[in-house]
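> sequence and predicted structure, then a few things I'm wondering about:
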Amino acid sequence: MVSSIFGSVLKSTIISVDHEKNSATIKVDKVNVGMSGFVVQKFTDEHASILKNVIVESFDPQSKVATLKLLKYNDLKHSALPRGEWDVKVGDLVVLAFGYTRAVLIAPNEEIYHKITRHTNSVQWIHPDIFVSILSMEGHPTPLKKDFEKMSMTSGVGLFFFYLEQKLFTVDARSFKVLNISDVDLTQKSVKLPFFSRIDEIDSFWFGEGSSELESYEPHYYSLMIEHNPHNKELKELMKKFLEKDEE
């Protein structure tokens, strides 16, 4: 179910930088648009620092050149730690797919959750109970993209998998881009909202986005993925078929 590319860290050096556009390029044999990672700058043989987060914006298979979006790195944000003002430069190391060996599965029920996780050993599955604890702290019975980002930052999760309508969607935890869609022929007999976990109740706030109880499983996660993958034709077609089926 899980492609081997999602379990391997990809490394390459920067070949060009455009600071005005906050972008850089690397050469790599193969990479998925939407993959995330970071830039490492080496100062001495013993000292280096992560300067930026990156997301793959495009990839040309002919030239094997990938264009990266440079973003602020705040995973280790701490007021007591010193901060440098170093710029990304040609020759800096880019690390992609870091954390892809750790994943969370969003599944509609316990049976489907265990069937998928027990037959997929290429990643370390982080239990969704941990994600539920984050949702309770945020007061969000309805998960938002920023909740998934917080789960990624606090637990080192690189991928989220969503099971919807006999499909398994592989999603980068930072960019929320769909990297892969696989067929998983399982029978869905029940749904636990907002997803399977061993915790029955998620604390909520009185108002605000995400504070209301999730009313339906598939529409929410389809909409969440489409919001951040507006040009993914396969994803749009799958949601269209689901809505047509739901109206019958």
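Received it, and whenever you're ready, just let me know what you need. Residues are numbered from 1 along each chain as shown.
> the longest helix in the protein is where?
Scanning the chain for the helix with the most residues, using DSSP state H, yields helix 233-247.
> show me which residues of that one are buried.
Within helix 233-247, the residues that count as buried by 16 or more other Cβ atoms under 10 Å are 235, 238-239, 242. Where C-beta positions appear, they are placed from N, C-alpha and C, glycine not excepted.
> ok, and what's touching stretch 16-30?
5, 10, 12-15, 39, 54, 57, 59, 61, 63-71, 87-90, 94, 96 (Cβ atoms under 8 Å, 6 or more residues apart in numbering).
> now do stretch 120-139
1-2, 4, 6-7, 100-107, 113, 117, 141, 143, 147, 150-151, 154-155, 157, 159, 194-199, 202-205, 208, 210-211.
> returning to what we had before: Throw the buried residues of helix 233-247 into a markdown table and include distance to Gln188 and pLDDT, thanks.
Formatted as a markdown table, the buried residues of helix 233-247 follow (distance: Cβ to Cβ, whole Å; pLDDT from 0 to 100):
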| residue | distance to Gln188 | pLDDT |
| --- | --- | --- |
| Leu235 | 19 | 96 |
| Leu238 | 15 | 95 |
| Met239 | 17 | 94 |
| Phe242 | 12 | 91 |
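> now these as JSON lines including distance to Arg174?
Below are these laid out as JSON lines (distance: Cβ to Cβ, whole Å):
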{"residue": "Leu235", "distance to Arg174": "18"}
{"residue": "Leu238", "distance to Arg174": "23"}
{"residue": "Met239", "distance to Arg174": "23"}
{"residue": "Phe242", "distance to Arg174": "26"}
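> hmm, which helix or strand of the chain has the shakiest average pLDDT?
Every helix and strand of the chain was ranked by mean pLDDT, DSSP states H and E. The lowest is helix 233-247, at a mean of 90.
> what's that helix packed up against?
strand 178-183, helix 217-228 (3 or more Cβ pairs under 8 Å, 6 or more residues apart in numbering; DSSP states H and E).
> ok, the most centrally placed residue in the chain - contacts?
In the chain, the centroid-proximal residue (Cα atoms, centre = their mean) is Ala173; its distance is 1.7 Å. With contacts defined as Cβ under 8 Å, 6+ apart, Ala173 is in contact with 36, 99, 148-149, 151-152, 157-160.
> and with 7 Å instead?
Neighbouring residues of Ala173 by Cβ atoms under 7 Å, 6 or more residues apart in numbering: 148, 152, 157-160.
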